[in-house]
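# Starting from these lines, generate the structure:
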Amino acid sequence: MKAKLAASLSLVCLLLTAMWVALLIADMATAGPLETFEQVAAHAARLHGLFYAAYINAALITLAATAFMAALYAYLKPSAPEWIVVGLAFVPIYGALNLLAYLSQVTLVPALVTLRLDPQYTAAADVLLRLTLQAWPESAVAFFNGLAYGILGIPSVLYGALRWGGLLLALNGAACILGVIGTLAGSALLAQGVMIGGVLFLLALLPLGWGLWKRSIE
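The predicted structure is shown next:
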């Protein structure tokens, strides 16, 4: 039963992540260059359907991934060392940080975009948008978003002992942790670890889900 639950949640994560990739590609196809804050802010100011869909989808991925890691812990617990519970402690921190990051984009950012249209509040709104726009890599929200994945990297490495896709899960965790270190150290190369970790997590879901499903019917 525990294996089937974990397998089902891995499938949900896979489907939601695939949907997020499709939404991201569709959004980027019409976004144009996003190299400066003004370009990022102008893109966010459009507040089109893809913008809302992408961030709501990202919030759902966060919920699904949180549930998946909890189910994975429940599956591993009977045969794993007691210290594996350490990994579970970091999962809700990841969930809280990422939900704050993603849901702020569909609540706080639209309000600031509207405020920015009033000339007397434009300067203040710009300061706040520089802090809250997740798509702006120098924002506080972007940092906490990356930090969330770095924190999730800890249980990912610990739970990477799984036979199916476990190595990819562990590599995802290591890449995300390196990404946070790179951000703090100002290394653009290491900071890419969060994005690489996301790709590895996506690649890990299929063998993980399949392996867990096979175990559930044995």
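
# and the spatially closest residue to Tyr159 that is not a sequence neighbour, what are its phi and psi?
Among residues not flanking Tyr159 along the chain, Leu72 sits closest, at 5.4 Å (C-beta to C-beta, 6 or more residues apart in numbering). (Each C-beta comes from the backbone N, C-alpha and C, glycine too.) Note on Leu72: its backbone torsions stand at phi -60, psi -40 [degrees, to the nearest 10].

# Wait, Leu72 touches Leu5, no?
No. Using C-beta atoms under 8 Å, Leu72 is not in contact with Leu5, being 9.5 Å away.

# can you list the residues that contact stretch 185-194?
Defining contact as C-beta atoms under 8 Å, 6 or more residues apart in numbering, one finds that stretch 185-194 is touched by 146, 149-150, 175-183.

# Same question for stretch 31-43.
Residues outside stretch 31-43 that contact it (C-beta under 8 Å, 6+ apart): 113, 116, 126, 129-130, 133, 135-136, 138.

# Who wins on neighbours among these?
Within the contacts of stretch 31-43, neighbour counts (other C-beta atoms under 10 Å) peak at Leu133, which reaches 25 neighbours.

# Does that residue touch Ala140 like I think?
No. Using C-beta under 8 Å, Leu133 is not in contact with Ala140; the gap is 9.7 Å.

# can you redo the contacts of stretch 31-43 as CSV with secondary structure and pLDDT?
Putting these into CSV (DSSP: H, G, I helix; E, B strand; the rest coil; pLDDT from 0 to 100) gives the following:
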residue, secondary structure, pLDDT
Val113, helix, 92
Arg116, helix, 90
Asp126, helix, 93
Leu129, helix, 95
Arg130, helix, 95
Leu133, coil, 95
Ala135, coil, 90
Trp136, coil, 91
Glu138, coil, 90
